[in-house]
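Undergrad: what follows is a predicted structure for the sequence shown.
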Amino acid sequence: MNANTYEKRRTSCPITKAQINTIMLICSQFGITKAERGELLQERYGKSSTADLTSDQAGHFIAEYERKGFVIKGGKGYRPTARRAPVPRAGKVVALVNQDELDKITALAGLVLWRAENGLQLFLEKRMGLKDGKVRTSADAYLAIEGLKKMFEGQMKRTHGPGWWRLRFANAAIMEYIQLHCPLEYR
């Protein structure tokens, strides 16, 4: 392919940072040097720098190498997410809460410092809008889990400051939470 082969059919957006990073990963996986990459891009798209490509051109380049076997390999902290496959439901069928979701709610509620004895029930009722403060469906469980995570993180931020993610705690449950949910900027 030469520079004239790849035609720009529509106005394209500039390349994204994610696409630039993906192209860099492709080059490292396939052993393409910076000079070779420049020549390759010049031949195909008439541009010597990755940053000069359009989003469409970058997508074309990435798709070509995906066909050649490019895959993003996980790094040190990479852990594929274990999510349940969505189950097709007909009509008015509702997914009930499962034991894993209830266990996660219990674990998160144990991390939060409650002001009242029945704090979890009051939180679910008042803040999450769950009738009688009880989790009945998977959708309710999702709301409860996300709300509890935000509440716990807010308490930790108020108590220990925004860098609390980097601190060490005697409570193993807090350390496990940090390990699972720590934002990239604090790793």
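TA: Thanks, I have it.
Undergrad: how about low-confidence regions in the protein?
TA: 1-12, 73-90 (pLDDT under 70).
Undergrad: please enumerate the helices of it.
TA: Here the chain has its helices, by DSSP state H, at 17-30, 34-45, 55-67, 99-111, 119-126, 138-160, 172-181.
Undergrad: got TSV for those, with distance to residue 93 too?
TA: In short, each C-beta sits where N, CA and C put it, glycine included. Below are those laid out as TSV (distance: least, Cβ to Cβ, whole Å):
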stretch	distance to residue 93
helix 17-30	37
helix 34-45	50
helix 55-67	37
helix 99-111	17
helix 119-126	23
helix 138-160	12
helix 172-181	31
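Undergrad: any chance of these in a markdown table, with distance to residue 92 and mean neighbour count too?
TA: Shown next, in a markdown table, are those (distance: least, Cβ to Cβ, whole Å; neighbours: other Cβ atoms under 10 Å):
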| stretch | distance to residue 92 | mean neighbour count |
| --- | --- | --- |
| helix 17-30 | 40 | 15 |
| helix 34-45 | 52 | 15 |
| helix 55-67 | 41 | 16 |
| helix 99-111 | 21 | 15 |
| helix 119-126 | 24 | 17 |
| helix 138-160 | 14 | 16 |
| helix 172-181 | 34 | 13 |
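Undergrad: please parse the chain into its domains.
TA: What automatic domain parsing lists as the domains of the chain is 1-74, 99-160.
Undergrad: would CSV of the ones you listed with distance to residue 184 be doable?
TA: Output for these, formatted as CSV (distance: least, Cβ to Cβ, whole Å):
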stretch, distance to residue 184
domain 1-74, 13
domain 99-160, 15
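Undergrad: for residue 91, find the nearest of the helices of the chain.
TA: Proximity to residue 91 (Cβ to Cβ) singles out helix 138-160 among the helices of the chain, at 16.1 Å.
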